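Student: Curious how this folds, go ahead:
(chains A and B)
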Amino acid sequence: MLKIFHAPKARSIRIVWLCEEMGAPYQVQIEKFGNPSPDFLAANPLKALPALVDGDVCMIESVAMMIYIMSKYGPTTFELKPGEPDYPRYLQFLIFGEAGMAMYGNPLVATKFFAPDDKRDNWTVDYLKGAMVKRTAFVEDALGDREFIAGGRFTAADISVGYSLGMVGFAADMALSPKLQAYVDRLQARPAYQRALASA
Amino acid sequence: MLKIYHIPGTRALRVVWLAEEMGLPYEIIPCAGFRDPLLTNANAMNAVPVLEDGDVRIVESLAIMDYMLDRYGPSPLKPKSADAAYPAYIQFFHMGECTLGARFRNLVVAKLFNLEGNWATQDSEQGFITAANEMIAAQVRKQPYLAGDAFTAADISCALMLGGGAKLLGYEERYDPAVRDYLKRVNERPAFQKASRAS
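Tutor: Below you'll find the predicted structure:
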């Protein structure tokens, strides 16, 4: 049984969402910010969500967890195999969703919540917002008229990028284009996402 | 032939290092900075590395590495999913960029362009790197490499960032001695030395 440390709006939703899509057995432990439980601290000394425990396995990093869950509880159509033509693109967006997008949002969100009032507008904030605009445009360009980001079907790359697009508005104070908003709405309308939302 | 868009001192070195470890033929496309039109044409986000391999063109250093390991593997640098080392491998492989790389980037960019520093960069990002350093130290105290007894692509992912951070930010003395020994060990590898010279 997978144990997922989770909180509403955290990127741990990626893991719960994937488990719901796959029908993988899991349980959720909700963590409150600033008041970590002892077993969460033991699972992740960095105090960041998500953390995953699966028997003797204890992991952090949401994209790594998705790859682990798909390989252990698969095979599944939510990952592309190396032989499939769109595999490089799938890999790129699976990793880009976190490394190339969400991580630009982290210090922005931290600044919003924790910076002293007179430090909220600063050089780094402008730099990160600028990067978000560019990176969102990259996804929009790549998406084109496709329903999903890679492989012609729903995959973990959509979960990775979809979560990040969902947090861009809040993190970088920017609105998504109608096309990207429609993509996010389409992903979030999936019954598995709705069930994942209800878990926290 | 793999074509790697490269700028010295960037995470593009991860890809060159991996190509050297795997013994793959590659060609470096040197870019004259992030505004080089050559790079802009290949990647509208002006970031390196970019990989071209026949009809394939992808960005994101870890995605490029994973692609090379799958396309030109199997390789002992990527444990199989049934392997006991796999969970730690996949975690540290991603941690090198998501937890470490992205934060080092914000600190480096601020150091280069925003000399006064500011709250978001200094407090939030440095605190995280300190905690991650402790996590890595715990791992390399009990075994020679991040995933176990064998060197893997997870070491390339994390060591490149830790080494770069040490160089650009003078962080080396902040690292645990176990992490410093580990960095020395992986940076002495002939493939790393060759990759550093190649670029």
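Student: got the CA coordinates for the helix or strand bottoming out on mean pLDDT in chain A in PDB?
Tutor: In chain A, no helix or strand scores lower on mean pLDDT, DSSP states H and E than helix A:103-114, which sits at a mean of 89. Extracted in PDB, the C-alpha atoms of helix A:103-114 (Å, rounded to 0.1, in the frame of the first residue of the first chain):
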ATOM      1  CA  MET A 103      10.500  25.200  -9.600                       C
ATOM      2  CA  TYR A 104      10.300  28.700 -10.900                       C
ATOM      3  CA  GLY A 105       7.100  29.100  -8.900                       C
ATOM      4  CA  ASN A 106       8.500  27.900  -5.600                       C
ATOM      5  CA  PRO A 107      10.400  31.100  -4.500                       C
ATOM      6  CA  LEU A 108       7.500  33.200  -5.900                       C
ATOM      7  CA  VAL A 109       5.000  31.400  -3.600                       C
ATOM      8  CA  ALA A 110       7.400  31.500  -0.700                       C
ATOM      9  CA  THR A 111       7.900  35.200  -1.200                       C
ATOM     10  CA  LYS A 112       4.200  35.900  -1.200                       C
ATOM     11  CA  PHE A 113       3.600  34.100   2.100                       C
ATOM     12  CA  PHE A 114       6.800  34.800   4.100                       C
END
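Student: does whichever residue of chain B sits closest to chain A count as helix, strand or coil?
Tutor: Chain B approaches chain A most closely through B:Ala102 (3.3 Å), counting by Cβ to the nearest Cβ. No exception for glycine: its C-beta is placed from N, CA and C like everyone else's. Three-state call for B:Ala102 (DSSP: H, G, I helix; E, B strand; the rest coil): helix.
Student: For B:Leu13, see how far away the closest residue to it other than its chain neighbours is.
Tutor: Once flanking residues are discounted, B:Ala102 sits nearest to A:Met103: 3.3 Å by Cβ to Cβ, 6 or more residues apart in numbering or on different chains. Separation of A:Met103 from B:Leu13 (Cβ to Cβ, to the nearest Å): 19 Å.
Student: And A:Ser12, by the same measure?
Tutor: A:Ser12 sits at a distance of 32 Å from B:Leu13 (criterion: Cβ to Cβ).
Student: cool, and B:Asp70?
Tutor: Going from B:Asp70 to B:Leu13 by Cβ to Cβ gives 21 Å.
Student: from what I can see A:Glu140 touches A:Lys179, true?
Tutor: Yes: in this structure, A:Glu140 is within contact of A:Lys179 by Cβ atoms under 8 Å, at 6.1 Å.
Student: The closest residue to A:Ala175 other than its chain neighbours: how many residues sit nearby?
Tutor: Leaving aside its chain neighbours, A:Ala175 sits nearest to A:Gly169 (6.2 Å; criterion: Cβ to Cβ, 6+ apart). Using other Cβ atoms under 10 Å in any protein chain shown, A:Gly169 is surrounded by 14 other residues.
Student: Can you mark which positions in whichever strand or helix holds A:Gly169 are buried?
Tutor: For A:Gly169, the element it lies in under DSSP states H and E is helix A:156-172. When burial is assessed from 16 or more other Cβ atoms under 10 Å in any protein chain shown, helix A:156-172 yields the following buried residues: A:156-168, A:171-172.
Student: I figured the residue nearest to B:Ala102 hits B:Cys98, correct?
Tutor: Yes: A:Met103 is in contact with B:Cys98 according to Cβ under 8 Å; the separation is 5.9 Å.
Student: Which one's more surrounded, A:Met103 and B:Leu13?
Tutor: Taking other Cβ under 10 Å, A:Met103 and B:Leu13 do not tie; B:Leu13 has more neighbours (25 against 21).
Student: just checking, next helix/strand downstream of the helix or strand that contains A:Ala182?
Tutor: Counting by DSSP H and E, the element that carries A:Ala182 is helix A:178-188. Per DSSP H and E, the first helix or strand lying C-terminal to helix A:178-188 is helix A:191-198.
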